[in-house]
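sequence and computational prediction follow.
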Amino acid sequence: MGLLIVVCALGPMPGLAAAPPPTFEQVRAQWQSSEATVLDRDGRTLSTVRIDPDVRRLDWVPLSSVSPVFLRLLRLAEDRRFDDHDGVDWRAVAAALAEAARAGLDGDAVRPRGASTLSMQLAGLLASGDSPPPRRRALPDKISQAIAAIRLERTWTKAQILEAFVNLVPFRGEQVGIDALARLMFGKDPSALDARESALAVALIRAPNAAPARIAERACRLHRNAFAAAAPDEVDCTGWEGFARIMLARTVPASAAGESLAPHLAHRMLTRPGERMVTSIDAGVQRLARDLLRRHLRELASREVEDGAVVVLDNTTGEVRAWVGSSGPLSSAPAVDAVLARRQAGSTLKPFLYARAIGDRRLTAASIVDDSPFSVDGGGGLYTPQNYDRDFKGAVSVRTALGSSLNVPAVRTLRLVGADSFADTLRALGITSVVERGEHYGPSLALGSVDVTLIELANAYRTLANGGRRSPIRFTRAADAAADDGSQVLEPAAAFIVTDILADANARALTFGWHSVLANRYRAAVKTGTSKDMRDNWCIGFTSRFTVAVWVGNASGAPMHDVSGATGAAPIWAELIAALEAGATRPPPRDEAGAIRIPIRYADAIEPSRDEWFLPGTQVATVQRAPVPDRPRIVTPLDGTVIALDPDVPPQAQRLRLAATGVGTRWRWFAGDVELGSGSPLDWPPQPGHHVIRLVDDGGSTVRTVQVEVRGANRVKTR
């Protein structure tokens, strides 16, 4: 009655005629987590990202999911007669007023007890909105709060009041609500809080930022009051302060609320607090890709490899089924999304070069290309391509050259197609880093000197899988987005022929052997690639249903040690593609896109006879080498070559190779009028100056000349 007397004495007060309180359903609907969540295609949680930097709220927790012991201690500490009052505990009010009066008469400075019920505290929380409620209230505020609590109790049930309170009450620091407290401080679900954890949590409500010793003292007293009669052995408070210090200093990431399967994708897509975005990701495929990547990288740790990334695309819809941005704890930069990082492409661009050459009818899969040493003007000097194994295979078919990833035939094919045309093709495929004309990149464009992202490569290979038609990838299920038929980038029959080559184990045997990790029974087209200095390792391939792309390397860009495409990314790709296709029925018939298949033979038995695919009008039954021109030509050096002598290297160790085709053993080389030697090749210790290198036949006639400039101060005798 004391509070009622005070209300009557004060008379009308501002705020007493406030609007009616919100309903429980309104409060529940307005709840907004500080986090945003990305979900998989079936609604399963993939990852959670904090968006609101000012407060930490997690999920709204139903009362049935809160620890019963926590609720018991909450009532004991904050509102013992919660189930019996109508919003104001008049007995507690009277006791508080009496205590305050006694303290005033005695001059006692001790703060009198409070009388706020859970209903009154909830009213204060609802009135304060996003701002933390004041811990000490003036009498008019208390009266307004009491009236609001009475109104609240008329329309809300006790269970609703209790549920709203445990979700809205601030705890330690920025943590609001029981879900944030339980997961971020104790690392567990709110339903799993034990008696000691619950006592500590309830003690924080009244003094959330108090010192650990004070919180431990109050928590222990609360625990003793609740359990001493039933369990006398549990009244000892030894160790409570240490426990409180550990828990209050603990920082458990929000992801402790669940496994974080796709953190990079979540950071890329989520922007609003409380957002729940359903994606095209399959949680099972995502987990499998992540676990395979980490397991294989652990096996490669001794080879200075720590990072990787994996993408899985649905060929038909373009849906992203898996997006693994890094190796997580194995990486020195786990936050870097390697799916979007630009890395040197290596040999992964060769299929598109050959698709352009076949589509332009410049080559067929049966055409003979030359894998032998040669040099080409790279703009800043000679460019001499080498194969991965430093060996040359001689005359081979295009099928073998692409399947076995030979470098020299690729550079020769680029000269045939034209660097500008190939650059146009790469741009059409979505390789956005190719912004200059092809000549800017030079002959190394054929060997992947440009930087690409894993997602760009994955979708480019998906274009091959779809007969040369490119369409964008999707992050949502296809039924939820408008269809995009895309555009025809590659000749369909050429895309089919290149796919057939990439799926041909015989074609890759020259380099990878007959039993490489790339061999599988699901008819998958696949290509590996390794960049300069072994900094990047790729394996990308597809079946009729999925495209899988894997990158292995280091986020720092540091080189790996003795890791090739077959030992780095390929085992991850092979195991993942096998798992994806494990439950598949027989593959659908291949779309040959108008290509025709006929038996062929090689006139000089360069390769065994076989059936081969052709674009209509390009087929030949017998394949033979193009006739070699009668006139010889100088292979190296190229006309206009400029070389510089190194003063730190002995002159005798610095040689310029002179080589020509179609020469006899008695043909001679001259620098001006000075004879250098005979035969091909010939290694000449060059002299500083401008030289006209002449190739003279056995009749004394000069048949070829090139001009060479040698820079440096060393002079040695040539004879």
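All right, it came through fine. This structure is a prediction, so every number in the text was calculated from the model and none was measured.

which element is Leu122 on?
Secondary structure from DSSP states H and E places Leu122 in helix 118-128.

mind listing what's buried along the following helix or strand past that helix?
As assigned by DSSP H and E, the chain's next helix or strand after helix 118-128 is helix 139-155. The neighbour-count check on helix 139-155 (16 or more other Cβ atoms under 10 Å) flags Lys142, Ile143, Ser144, Gln145, Ala146, Ile147, Ala148, Ala149, Ile150, Arg151, Leu152, Glu153 as buried. Every residue, glycine included, has its C-beta placed from N, CA and C.

same thing with stretch 203-212?
In stretch 203-212, counting by 16+ other Cβ under 10 Å, buried: Ala203, Leu204, Ile205, Pro208, Ala210, Pro212.

what residue ranges in the stretch 601-719 of the chain score low on pLDDT?
Scanning the stretch 601-719 of the chain for pLDDT under 70 picks out the ranges 628-631, 713-719.

just to revisit the earlier point, now distance to Ala660, secondary structure and pLDDT too, for the buried residues of stretch 203-212, in CSV please.
As requested, these are exported to CSV (distance: Cβ to Cβ, whole Å; DSSP: H, G, I helix; E, B strand; the rest coil; pLDDT from 0 to 100):
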residue, distance to Ala660, secondary structure, pLDDT
Ala203, 91, helix, 94
Leu204, 87, helix, 94
Ile205, 91, helix, 92
Pro208, 86, coil, 89
Ala210, 90, coil, 91
Pro212, 86, helix, 92
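
what is the most widely separated pair among the residues you listed?
Spatial extent of the buried residues of stretch 203-212 (Cβ to Cβ) is set by the pair Ile205 and Pro212 at 15.7 Å.

show me where the stretch 201-350 of the chain has strands.
276-278, 307-314, 320-324, 343-344 (DSSP state E, counting those that start in this stretch).

distance to Leu125 for those strands - can I get that in TSV?
Formatted as TSV, the strands of the stretch 201-350 of the chain follow (distance: least, Cβ to Cβ, whole Å):
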stretch	distance to Leu125
strand 276-278	24
strand 307-314	45
strand 320-324	40
strand 343-344	51
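
tell me the domain ranges of this structure?
2-29+60-173+186-238, 320-595, 633-711 (automatic domain parsing).

among those domains, which is nearest Gly308?
Smallest distance to Gly308 across those (Cβ to Cβ): 4.4 Å, for domain 320-595.

straight-line length of the closest one, end to end?
30 Å (Cα to Cα, to the nearest Å).

out of the buried residues of stretch 203-212, who's nearest Arg342?
Pro208 (46.7 Å).

show me where the stretch 601-719 of the chain has its strands.
610-614, 622-623, 633-636, 641-644, 656-661, 668-671, 674-678, 682-684, 689-696, 702-711.

can you lay out those strands as TSV showing mean neighbour count and distance to Arg437?
Formatted as TSV, these follow (neighbours: other Cβ atoms under 10 Å; distance: least, Cβ to Cβ, whole Å):
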stretch	mean neighbour count	distance to Arg437
strand 610-614	18	31
strand 622-623	14	34
strand 633-636	17	27
strand 641-644	15	24
strand 656-661	18	31
strand 668-671	20	36
strand 674-678	15	39
strand 682-684	16	36
strand 689-696	18	31
strand 702-711	16	27
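
name the helix or strand of the protein that has the lowest mean pLDDT.
Within the chain, no helix or strand scores below helix 2-10, which has a mean of 42 by mean pLDDT, DSSP states H and E.

now stretch 336-351: buried residues?
For stretch 336-351, by 16+ other Cβ under 10 Å, it's 336-339, 341, 343-351.

switch those residues over to a markdown table; also include distance to Ala555.
What follows is these, written out as a markdown table (distance: Cβ to Cβ, whole Å):
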| residue | distance to Ala555 |
| --- | --- |
| Val336 | 5 |
| Asp337 | 10 |
| Ala338 | 7 |
| Val339 | 12 |
| Ala341 | 8 |
| Arg343 | 10 |
| Gln344 | 15 |
| Ala345 | 18 |
| Gly346 | 18 |
| Ser347 | 22 |
| Thr348 | 19 |
| Leu349 | 23 |
| Lys350 | 26 |
| Pro351 | 27 |
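
between the residues you listed, which sits nearest Trp573?
Set against Trp573, the nearest of these by Cβ to Cβ is Thr348 (12.1 Å).

state the pLDDT value of that closest one.
pLDDT, Thr348: 96.

wait, doesn't it sit right on Ser531?
No: Thr348 is beyond contact range of Ser531, at 9.4 Å (criterion: Cβ atoms under 8 Å).

overlap in contacts of the two?
Contact criterion Cβ atoms under 8 Å, 6 or more residues apart in numbering; residues bridging Thr348 and Ser531 by contacting each: Gly448.

per-residue pLDDT, the nearest residue to Val369 once chain neighbours are set aside?
Nearest residue to Val369, sequence neighbours excluded (Cβ to Cβ, 6 or more residues apart in numbering): Pro409, at 4.0 Å. We note a pLDDT of 94 for Pro409 in this prediction.

make sure Pro409 is indeed in a helix.
Yes: remark: Pro409 belongs to a helix, assigned using DSSP: H, G, I helix; E, B strand; the rest coil.

ok, it - contacts?
Val369, Asp370, Asp371, Val396, Val398, Ala401.

please repeat the previous calculation with a cut-off of 7 Å.
Val369, Asp370, Asp371, Val396, Ala401 (Cβ atoms under 7 Å, 6 or more residues apart in numbering).

before we move on, what about Asp52?
Taking Cβ under 7 Å, 6+ apart, we find Asp52 in contact with Ser34, Pro273.

span of stretch 173-193 from start to end?
20 Å.

thank you, goodbye.
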